[in-house]
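**Q** I'd like to go over a predicted model; first the sequence, then the structure.
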Amino acid sequence: MEDNTSACHDWLVHRFSDVDHRPGRQQKWPAEVDIDIVDWVQSIVVDVSDAVGAELVGVYLHGSLAMGYYRPKSDLDLLIVCSGPLDVVDRERVARALLAASERRPTIGELEASVLQIGDTRAFTHPMPYEVHFGESVAEEIRQGRLDYAHTRFDADLAAHCTVVRSRGLRLVGDDIGEVFGPVPSEAYVDSIREDLHWILDGENLLTSPFYGVLNTCRVLMVLEHGPEVVPSKEDAALWTLGWVPSEHQALIQQWVADLWGRPVMAYVSDESAVAGACRQAVVAATGAEAAWRLTPDVVIGPRAGVDGGLYRDMYDRTGR
């Protein structure tokens, strides 16, 4: 089979050579978005519409592109709603359409999408079932034909995604958001973001994804502090956290905000061991009792965390746990 990789790359360079992809420039759908990203998103809507067919209710945008914080390294986040269950053939067709879309993305950010039934989006249950989920974690299984489409799965993260769509999302095609997405119970939203924090603090996840871990921890803290009616972006939450977090942890958060804005990250953060130690220290210190769901205070304040008891107790008191 002929290898078209080089030709494809040359075509992309020629097609989008005049696109301004400065990493620090914020973009918001639809007016303030680079033409190649607009073309890509619109092509996904067309392909998903073809794959789902008459069952399609709508395609909805959430995350940074909807909120106005999108940059070339940001993910594209979609919820796709259908009128009823999809059979195995249709599920695979949609999954492969999303895989093809991901493989032709014009920026380094990833594609994350879930296909949901309207009966579930209108009458929310937690965790919510889904028809199809696409992300890099399943891309290879889809590509090799190894993904099992026969069983309906559930995702606790969908409580947060549906909350964001209702609060700050945008309709790309289909019925209005208010007609498709019913209220998400506040306890489901809080549980969803807590589960995300548990994942961040579990094992080596924080160390392998420090950017995601630190900024999403800021988001969890902001929601726990102000209540579930708050639906912040990573940037909102990081700037809020910088207003109160102890000074010894501000530099770390500032580094990942700089990275979010496309600015150079300080040299010490490029060192893996420094990132690991600083992230563990700052996140455990900032979350206090949120980390204690699985660790005792002695372990949290131990050598690996590098946090003194007074700071830990201050954060513990702040989160009200």
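**A** Everything's here; your move.

**Q** so what pLDDT did V220 get?
**A** You'll see V220 listed with a pLDDT of 87.

**Q** so it is in which element?
**A** helix 210-226 (DSSP states H and E).

**Q** and if you look at A237?
**A** Secondary structure from DSSP H and E places A237 in helix 234-242.

**Q** that helix - contacts with which helices or strands?
**A** Judged by 3 or more Cβ pairs under 8 Å, 6 or more residues apart in numbering; DSSP states H and E, helix 234-242 is in contact with helix 210-226, helix 247-260. From N, CA and C alone the C-beta is placed, and that goes for glycine too.

**Q** the same query, at a cut-off of 10 Å, please.
**A** helix 64-67, helix 210-226, helix 247-260 (3 or more Cβ pairs under 10 Å, 6 or more residues apart in numbering; DSSP states H and E).

**Q** coming back round to it: tell me which residues of the helix holding V220 are tucked away?
**A** 210-224 (16 or more other Cβ atoms under 10 Å).

**Q** show me the one of the helices and strands packed on helix 234-242 that comes nearest A31.
**A** The minimum distance between A31 and these falls on helix 64-67, with 12.0 Å, by Cβ to Cβ.

**Q** what does that closest one contact?
**A** 26-30, 32-33, 37, 41, 60-61, 70-71, 73-78, 109, 164-165, 167-172, 231-236, 260 (Cβ atoms under 10 Å, 6 or more residues apart in numbering).

**Q** hmm, S209 is touching G203, no?
**A** No: between S209 and G203 there is no contact under Cβ atoms under 10 Å: 11.3 Å.

**Q** so the two - more neighbours on which side?
**A** S209 (14 against 8; other Cβ atoms under 10 Å).

**Q** and that one, how close does it get to L61?
**A** Using Cβ to Cβ, to the nearest Å, S209 is found at 23 Å from L61.

**Q** and for Y130?
**A** Between Y130 and L61 the computed distance is 17 Å (Cβ to Cβ).

**Q** counting neighbours, what do you get for E131?
**A** 25.

**Q** ok, now D87?
**A** By other Cβ under 10 Å, neighbour count at D87 equals 11.

**Q** quick one, what contacts it?
**A** 93, 131, 149-150.

**Q** in helices, which of these appear?
**A** Of the contacts of D87, the ones assigned to helices by DSSP state H are R93.

**Q** which one of the contacts of D87 is nearest E55?
**A** Here the nearest of the contacts of D87 to E55, counting by Cβ to Cβ, is E131; it sits at 9.6 Å.

**Q** state the pLDDT value of the closest one.
**A** Per-residue pLDDT puts E131 at 98.

**Q** from D36, how far out is it?
**A** Taken as Cβ to Cβ, the span from E131 to D36 is 29 Å.

**Q** same thing with E136?
**A** Using Cβ to Cβ, one obtains 20 Å as the distance from E136 to D36.

**Q** can you list contacts of the helix holding A237?
**A** 26, 63-64, 67-69, 71, 74, 211-212, 214-223, 225-226, 230, 232-233, 245, 249-250, 253-254, 256-257, 260-261, 282, 286.
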